[in-house]
Each structure stands twice: as structure tokens, then as C-alpha cells.
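Asks: requesting a structural model of the entry that follows:
(2 chains)
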2 protein chains.
Amino acid sequence: MKIRSVLSAAVLAVATTFASTQALAQEKFTLRLAETWGPNFPIFGDTTKNFAKLVEEMSDGRLRIRIDSSNKHKAPFGVFDMVKAGQYDMGHSASYYWKGKVPETLFFTSMPFGMTAIEQYAWFYYGDGMELMQEVYAPQNMLSFPGGNTGIQMGGWFRKEIKSLDDLQGLKMRIPGFAGEVFAEVGVSPTNIPPGELYTALERNTIDAVEWVGPALDLRLGFQQIADYYYTGWHEPATELQYLVNKKTWEKLPSDLQTILKTAMRVSAYDMLVLSQHENAKAWANIKKEYPDVQIKNFPEDVFQAMYDANKKLLKEAAGKNDLAKRIVESQEEYLEKTRAYTDISERAYLNTMAEVE
Amino acid sequence: MKIRSVLSAAVLAVATTFASTQALAQEKFTLRLAETWGPNFPIFGDTTKNFAKLVEEMSDGRLRIRIDSSNKHKAPFGVFDMVKAGQYDMGHSASYYWKGKVPETLFFTSMPFGMTAIEQYAWFYYGDGMELMQEVYAPQNMLSFPGGNTGIQMGGWFRKEIKSLDDLQGLKMRIPGFAGEVFAEVGVSPTNIPPGELYTALERNTIDAVEWVGPALDLRLGFQQIADYYYTGWHEPATELQYLVNKKTWEKLPSDLQTILKTAMRVSAYDMLVLSQHENAKAWANIKKEYPDVQIKNFPEDVFQAMYDANKKLLKEAAGKNDLAKRIVESQEEYLEKTRAYTDISERAYLNTMAEVE
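Replies: Okay, the predicted model is just below:
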């Protein structure tokens, strides 16, 4: 008896020492993530699932992500507040949704006539982008990271062809946000309508035109059945979604798990750009085959120029609000000028060359 | 004594059990990576360093990468053989260097008049690319992964303007590989000259033109000082470097470290594309400012068309070699057609629009 009891105590002591060392190294975390999108939302939802899988596999189960879609938390546009308050550890959404709360959040998704996805990633990671974004989010007790890019969004579906600026006067169009404000400046009446009602609204001429995303997501809503003119994009050339992380959550993670989290966010964001290209190409091939009446159109030059000028004016107003807004707008303008000069002699020149040979 | 000896044995047994569990979970690995490039090679070398840092941090030091540049292993083009033989666990190089050993390796870097970087990543990850690449490398006991993209390579520096196909006849140009073969078909004499001798060769008219990479890397070799015509690219629209992994090395890693390794390769490859955009834009701005005589030129239409036709002919020959080559070429052609149709209405349309407004 005596031997056994000493032995048990000793074994227990040794076991405790090992267990606590291991517990420290192996502490497990589950982060709750609220996404703005509904369950199984294509491409966007694939991105968070891809992210969660990578985190779990790389950490060998020490870090897990539990994703709640909007059907669960019932607050698609409450993600900012919920992550800020710590009700959720993370969010997946888009920065420009928060411009009513913090005006400078507007600049970290995509700007009309702005950078393309690769140009914008270069601004985020090798220019001043990430630093400026953290400066905007730090007072909100959150960190923000790029969360996946849609690529260039299409200019929208129109039931009548737009031949000049005149055709835009009084035109009722679903187009939200800053791009809607730009359209309003050139005579359009922007309206906001819930996604589920868009098709019927367009069919019944409650609206004349609708901007959504691009072929892959547009195809599912069926606009190609009732509108023949599909316009090329200008207003969101590189829509970047967003991962939000509560600062306290971030700080409690050991550094290896922080790097795992950060890397999984970064790679899943890049992957979304690539998946968008894949899915959009597939959907566009389908539209061309099954809806041969659909025509691709560029807005006429006078329309583009008017929108470009309106955008400049609104951007100047936005930049005038405070020093931080001014620094962000200037950083983007300066970066865009330099990076586009190179894109013009590389990507643009090549694509134009390829369009000429046969 | 009796109590102590029983106790020691028991403690030892418990300690051994815990230690071996921990040893299994915490086994450490160091992988040796041979890169084709010299030490501190810009952009390419940043990619392997970025990769190694991510691997070490995410694994909390359980997996480390030791990078040997070509000054160490003395065999820049021996990377394939060294990784295959297990002398190195990993390599960082480019697949098309191995076409003399395994002809089908040619197709996994970039093809003339082929896909752009995002299009090609989409083919790799969401089309058949990765599967076909592993099929090519499996018999070599290696796995191959995308290793970083340069973006569209420039068409080269010419001392005289190319006004028509006639100007290419007998022109001596440094341009290696498949693109060199295409150029040869239209009358150029392709030569290969070590990088260190290129500037002098161009200056002394030993060669008339030189193709290297793009502004960031070209600037360092100084061609802008002695050649005024900088041609846009067609021959390597998306040069993707390559990580090679020895199959036995791969198989001995636990699955969490496999995912860490794979994710670090994937994100560092994407990062290289973004860094290339950043560095090329910076370098191009410098060239424009400091060398105002440098002019950007597109090859004339008849030259492009002749090269396009020559490329088609050579590609058909390459595809005819065996069934695997045929399947790869067909997969790429089919994918390119679909993905480019979408790129034309998105990226190309947008960039052209932006070039018109002011």
C-alpha cells in the first residue's frame, strides 16, 4: 500500500509536469467567424471554407474556425460590430460596407477607375496599403486583412443600349455604394433592392438596369434571360473582401498560430481571385452558348469620361474629410499611376496583341 | 532503497511514455533546398526566403528549410537531378529547363502566346494543370508545385527598330528555349550567352538584341544604356518558377507539415507575382525618368502573326511526340480559349477604357 501510494503521487507529479508542458504548447483554440454571406454562397463561401480547412490542417487541430453564415447570426451587416465587441472572433465581409461607421473603411475594397487585383495586392503588401488599413482599424480594436478578390466586376445588365450620356438620364439602376454616387452625378437614379427581388424588378421595369458581380454570380440570378446588354466594368475593378480579427483574439494566440492564421487568410484570398477567373470564364462560356442575344458593350466614351470626372470630384471630397483619408487617397493615386504605367506595357499590350493575331 | 528503485522505474516508464508521444508529435525536420539562382537573386531569391520563413514560423521550428544557392552547390541546372536522387530534398527552379530530360516538363512554365499568370494559376488549381504536372513528375520520384510568377516578360531590348519581318532576318538575339525556336522559324539567329557577358555582347554588336525578364531585373544589367527599343512581350506571358520536392522527403513528413509546406509554397508563389508587379513598376518608372530615349514598341503585326503561326506549328510538333504531351497541349489550348474570352471582357476591356479617359 505504502509503495503504491508513493508511486502514484510520483507518477502523478511527473505526468502533471509533462501534461502542463504539453498543454502550453498544445493549447487548443476555436475561433468563431461570422460571414456576411448566406450558407454555401458560391466563391465567397468557398473562400472561408478553404481558409478554415487550411488553418485546421496546418495547426493539426490546435486552431479551428467555426463559420456562421448570415442565416445563423441574422446580421449580415452587423459583422463589424459583432467582431469589434468580441461576440465573434473573426468576420468575413467587405470593408466598404462600414463607411457609414468609419468613412476611411471605404478605400480598402475597390475604387472606381482604380487598381486591378494584382496592382492592389502590390499596394497592400509592398506599398502602404496594409499599414494604412491597420491604422484605420486599430481604433476599432480589430485587424483587417484582404479576404479574396472577385476580379473586375462587370458594369451591369441593361435592357436598352446606352448610346450616350442622354440615355442615362433618369435611368433606374440597382447599383450601391460609391459607384452609385458616381452614377448619380451623371444622371442615373441609383436604387437599392434586395438580391431576391432583383430579377422581378428588372423584368417588370421597376428598374432599367442592374449591377451585380460578374458572369459566375450573375448567371445564377438569371439576368441574361431578360436583358441583352452586358456592360464592361469600371466601378469595382478589384473588389477585395475582408477578414476581420478581434484584437484580443489575435493577441491571445501563440505566434505560430498567428502566422498560420495570417497565411491561411492570405492564400485563401489569392485563391479566390483565381477561382473567380475560373468560374467567370466557365459561366461566360455558358452565357455565350445559351443566350446568343447577349451583347458585350463598353459604355460610350462620353459616358466613361463623365463618370471618370464625377469620380475624381467625389474622391476629392472624400479625401478632404480628414488627414488619414487624404493620405490614403494620395497613396492610392500615386501607386496607381506608377503601377498602371507598367501594366500598360505588359498585361494590356500583351492582351491587345493576342486579340489581333489569328 | 526498495521504494526508491520502484519509484524510479515507474517514473522512468511514465516519462518515457510522455516523451515518446511528444517526440512523435514534435519530430523536427530540416529540408535542404537547392535553388538555380545565385545568392540574393532579386525577386526569385526573395521567394524562397519568404517560403522558408513561413514554414519555420508556422511549424514553430519543427520544419526548417536550408537554402543553398548556386554558388554553394555549383549546379544551377543540376537541381532536377539532385532532387530526384535525394541529394537535396527540394529545388527551386523552372520546369522548362528540364525539357532535354523529360520533354513534357516544357509546358509548366509559360508558353508563347499562352495564358497570363492568373489564367494559368486557374488552369493549375481549378483546371487540369496540377494533375497533369504531377503525372509528368511522378515517374521522376518528385512532386512539382508552382514556384512564383514573373508576370509577362518583356519582348527584349533591340538596338534598331523592327519595322517588319525583313528586319528580323539574320538578327542575332539572346533568347533561349522554345521562344528561341519560334524566333528561329521567322529568321532570327538565337544565341545563348551567359548573363554576365550580355551587356558587353550587346554593346559590341556581338548580338543585336537581348531578351531577359522585365524592367526590375533588366535594369540591373544596364541594357537601357545601350538599346533604345524595348519590345512588349509575347513569348513568356506568365513565367512560373517551380518548387520540386523529393517524393521520399514528402512521404516522411506528417500531414500537418505537408500542408504547411504546400501552403507556404503556394502563397510564396502568389506573392512573387505581386512583388514582380511592384518591382517592375518601380523600375519602369526609373527607366522612363533616367533614360528618356527608351521607347516602348510592339512588334509589327506581320511579325506577331508570323511568330504566332510558327508557335502553332512547333506546338503541334511537340504535341505529336506522345499521348501525354498531346493531352497537355489540348488541355492548355482549350482552357486558354475559354479563360481568355472572359479576360477580354473584363481585364482587357477595363485597361483599354482606362487608357482612353483623362
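
Asks: please, which helix or strand holds residue A:282?
Replies: Assigned by DSSP states H and E, residue A:282 belongs to helix A:255-290.

Asks: right, and the helix or strand after that helix?
Replies: That would be, after helix A:255-290 and using DSSP H and E, strand A:295-297.

Asks: tell me how far the strand or helix carrying residue A:53 lies from the chain's centre.
Replies: Using DSSP H and E, residue A:53 sits within helix A:44-58. Centre-to-centre, helix A:44-58 and its host chain are 16 Å apart (Cα atoms, centre = their mean, to the nearest Å).

Asks: does chain B sit close to it?
Replies: Yes - using Cβ under 8 Å from any Cβ of the partner chain, we find that helix A:44-58 touches chain B at A:54, A:57-58. C-beta: built from backbone N, CA, C; applies to glycine.

Asks: name the nearest residue to residue A:176, sequence neighbours excluded.
Replies: residue A:192 (5.4 Å; Cβ to Cβ, 6 or more residues apart in numbering or on different chains).

Asks: a helix runs through residue A:197, doesn't it?
Replies: Yes - counting by DSSP: H, G, I helix; E, B strand; the rest coil, residue A:197 is located in a helix.

Asks: mind listing the strands for the stretch 51-200 of chain A?
Replies: Remark: strands assigned in the stretch 51-200 of chain A by DSSP state E, counting those that start in this stretch are A:63-68, A:90-93, A:142-149, A:156-158, A:172-174, A:189-191.

Asks: mean neighbour count, those: which tops it?
Replies: Counting by mean count of other Cβ atoms under 10 Å in any protein chain shown, strand A:90-93 has the highest mean neighbour count of these, with a mean of 27.

Asks: any idea which helix or strand carries the most centrally placed residue in chain A?
Replies: Per Cα atoms, centre = their mean, the C-alpha nearest to the average position across chain A is that of residue A:241, at 1.7 Å. Per DSSP H and E: residue A:241 is located in strand A:240-246.

Asks: do that strand and chain B meet?
Replies: No - Strand A:240-246 does not reach chain B (Cβ under 8 Å from any Cβ); its nearest approach is 12.6 Å.

Asks: paired strands for that strand, with orientation please.
Replies: Paired strands of strand A:240-246, with direction, are strand A:90-93 (antiparallel), strand A:142-149 (antiparallel) (DSSP bridges).

Asks: what ranges does chain A have for its helices?
Replies: Taking DSSP state H, the helices of chain A run over residues A:2-26, A:44-58, A:70-73, A:79-85, A:117-125, A:129-137, A:177-185, A:198-203, A:215-221, A:247-252, A:255-290, A:301-319, A:323-343, A:349-356.

Asks: reformat these as TSV; add mean pLDDT and mean neighbour count.
Replies: Putting these into TSV (pLDDT from 0 to 100; neighbours: other Cβ atoms under 10 Å in any protein chain shown) gives the following:
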stretch	mean pLDDT	mean neighbour count
helix A:2-26	46	13
helix A:44-58	98	21
helix A:70-73	96	15
helix A:79-85	98	21
helix A:117-125	98	25
helix A:129-137	98	18
helix A:177-185	93	20
helix A:198-203	96	18
helix A:215-221	94	20
helix A:247-252	98	14
helix A:255-290	98	22
helix A:301-319	95	17
helix A:323-343	98	18
helix A:349-356	95	18
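
Asks: residue B:353 is nearest to which of these?
Replies: Residue B:353 lies closest, by Cβ to Cβ, to one member of those: helix A:301-319, at 5.8 Å.

Asks: what angle do the closest one and helix A:323-343 make?
Replies: If you take axes from the mean of the first three to the mean of the last three Cα atoms, to 10 degrees, helix A:301-319 sits at 140 degrees to helix A:323-343.

Asks: what's in contact with helix A:301-319?
Replies: Residues outside helix A:301-319 that contact it (Cβ atoms under 8 Å, 6 or more residues apart in numbering or on different chains) are A:103, A:106, A:111-113, A:162, A:164-165, A:168, A:178, A:181-183, A:185-186, A:234-235, A:298-299, A:325-326, A:328-330, B:353, B:356-358.

Asks: my read is that residue A:324 contacts residue A:137, right?
Replies: No - using Cβ atoms under 8 Å, residue A:324 makes no contact with residue A:137, being 11.6 Å away.

Asks: now for those two: what residues contact both?
Replies: Common neighbours of residue A:324 and residue A:137 (Cβ under 8 Å, 6+ apart) do not exist.

Asks: that older thread, I figured the residue nearest to the centre of chain A was touching residue A:148, is that so?
Replies: Yes - counting by Cβ under 8 Å, residue A:241 does reach residue A:148; the two are 4.5 Å apart.

Asks: rewinding a little: distance to residue A:130 and mean pLDDT for the strands paired with strand A:240-246 - can I get that in TSV?
Replies: Formatted as TSV, those follow (distance: least, Cβ to Cβ, whole Å; pLDDT from 0 to 100):
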stretch	distance to residue A:130	mean pLDDT
strand A:90-93	17	98
strand A:142-149	8	98
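
Asks: what about those, which gets the closest to residue A:31?
Replies: Of all the strands paired with strand A:240-246, strand A:90-93 comes closest under Cβ to Cβ, at 5.5 Å.

Asks: so what touches the closest one?
Replies: So strand A:90-93 is contacted by A:31-37, A:44, A:47-48, A:65, A:67, A:79-80, A:82-83, A:147, A:241-246, A:249 (Cβ under 8 Å, 6+ apart).

Asks: ditto for stretch A:38-52
Replies: Against stretch A:38-52 from outside (Cβ under 8 Å, 6+ apart): A:33, A:35, A:37, A:64-65, A:67, A:69-72, A:92, A:147-148, A:150, A:216-217, A:220, A:241, A:243, A:264-265, A:268-269, A:271-272, A:275-276, A:279.
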